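Visitor: Sequence first, predicted model second:
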Amino acid sequence: MNQGYATTRTRPLRRDAERNRLLILRAARTVFAQRGFEATLDEVAREAGLGVGTVYRRFPNRDALIDALFEDGLQEIVRIVEQAQAAPRAWDGLRHFMTSVLEMQTADRGLRDVMLSRRAPHEGHDVIADHLKPPLDSLVRRAQQEGDLREDLTATDIGVLEVAVLGAAEFTAQAAPGVWHRYLAIVLDGMRAPHD
């Protein structure tokens, strides 16, 4: 485990330091989307309009920066899951979850790549499974009990279908950026429990 990740969230930052941190994270998403994870912190600093020293003070190496992006993305997805769980009907919660995560990932390719790389800041610890699978399992069971979701679907299936629609979104991004909504609607229709 690198020390940079461990220090990114330990205490509140001064306003200018927090502003710089957000600038760096936004720039990193852009740079990683354009150049992949091999991009340097110098390139991130240029994109952020900050000095290299400022970036290195916040993130001593590229892995620390990628870990921080992963953590930010995970927190956003956890917030979406919490909103989904609060929906009166679980089906509406699942639809909200799938739509919101796809909107987040299609709008931010750098963040999408970080999340899909399944980087875990702690070795041997599947952060996504630990944080997201239990509440999604619960949401799936509730939607099935309410008669809205096919009985044979699992939370893992939801994740796989999400990635499939994300792949369609990437494939059609240049020609029709929003067409993924149609593919998601088709997937959601297939997820519904059959009604006589």
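Guide: Received, thanks.
Visitor: Please make it C-alpha for all contacts and neighbour counts, starting now.
Guide: OK.
Visitor: contacting residues for the spatially most central residue of the chain?
Guide: Closest to where the C-alpha atoms of the chain average out (CA atoms, centre = their mean) is Gly73, at 4.5 Å. Contact partners of Gly73, counting by CA atoms under 8 Å, 6 or more residues apart in numbering, are Leu111, Met115.
Visitor: Tell me the spacing between it and Arg150.
Guide: According to CA to CA, to the nearest Å, Gly73 and Arg150 sit 29 Å apart.
Visitor: same thing with Arg89?
Guide: 15 Å.
Visitor: What of Ile158?
Guide: On the measure of CA to CA, Ile158 and Arg150 end up 11 Å apart.
Visitor: These two: which has the busier surroundings?
Guide: Set Ile158 next to Arg150 and count neighbours by other CA atoms under 10 Å: Ile158 wins out with 20 against 16.
Visitor: quick one: that one is in a helix?
Guide: Yes: assessed with DSSP: H, G, I helix; E, B strand; the rest coil, Ile158 lies in a helix.
Visitor: Check which residues of the lengthiest helix in the chain are buried.
Guide: Criterion DSSP state H: the longest helix present in the chain is helix 62-86. By neighbour count on 16 or more other CA atoms under 10 Å, the buried set for helix 62-86 is 62-71, 73-74, 77-78, 80-82, 84-85.
Visitor: now stretch 136-151
Guide: Leu136, Leu139, Val140, Arg141, Arg142, Ala143, Gln144, Gly147, Asp148, Leu149, Arg150, Glu151.
Visitor: Check the offset of that stretch from the chain's centre.
Guide: 23 Å (CA atoms, centre = their mean, to the nearest Å).
Visitor: pLDDT averaged over that stretch, what's the number?
Guide: Averaged across stretch 136-151, the pLDDT comes to 96.
Visitor: for stretch 103-121, same thing?
Guide: Stretch 103-121 comes out at a mean pLDDT of 73.
Visitor: Can you show me the CA trace of that stretch as PDB?
Guide: Taking C-alpha atoms only, stretch 103-121 is exported to PDB below (Å, rounded to 0.1, in the frame of the first residue of the first chain):
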ATOM      1  CA  GLU A 103     -24.600   8.700 -16.700                       C
ATOM      2  CA  MET A 104     -21.600   9.100 -14.400                       C
ATOM      3  CA  GLN A 105     -19.300   6.700 -16.400                       C
ATOM      4  CA  THR A 106     -20.300   7.900 -19.800                       C
ATOM      5  CA  ALA A 107     -19.700  11.500 -18.800                       C
ATOM      6  CA  ASP A 108     -16.300  10.800 -17.400                       C
ATOM      7  CA  ARG A 109     -14.100   8.400 -19.300                       C
ATOM      8  CA  GLY A 110     -11.200   8.800 -17.000                       C
ATOM      9  CA  LEU A 111     -13.200   7.900 -13.900                       C
ATOM     10  CA  ARG A 112     -14.900   5.000 -15.900                       C
ATOM     11  CA  ASP A 113     -11.500   3.500 -16.700                       C
ATOM     12  CA  VAL A 114     -10.300   3.800 -13.100                       C
ATOM     13  CA  MET A 115     -13.500   2.100 -11.800                       C
ATOM     14  CA  LEU A 116     -13.400  -0.600 -14.500                       C
ATOM     15  CA  SER A 117      -9.800  -1.400 -13.800                       C
ATOM     16  CA  ARG A 118     -11.100  -2.600 -10.400                       C
ATOM     17  CA  ARG A 119      -8.100  -1.100  -8.700                       C
ATOM     18  CA  ALA A 120      -8.300  -1.700  -4.900                       C
ATOM     19  CA  PRO A 121      -6.200   0.500  -2.700                       C
END
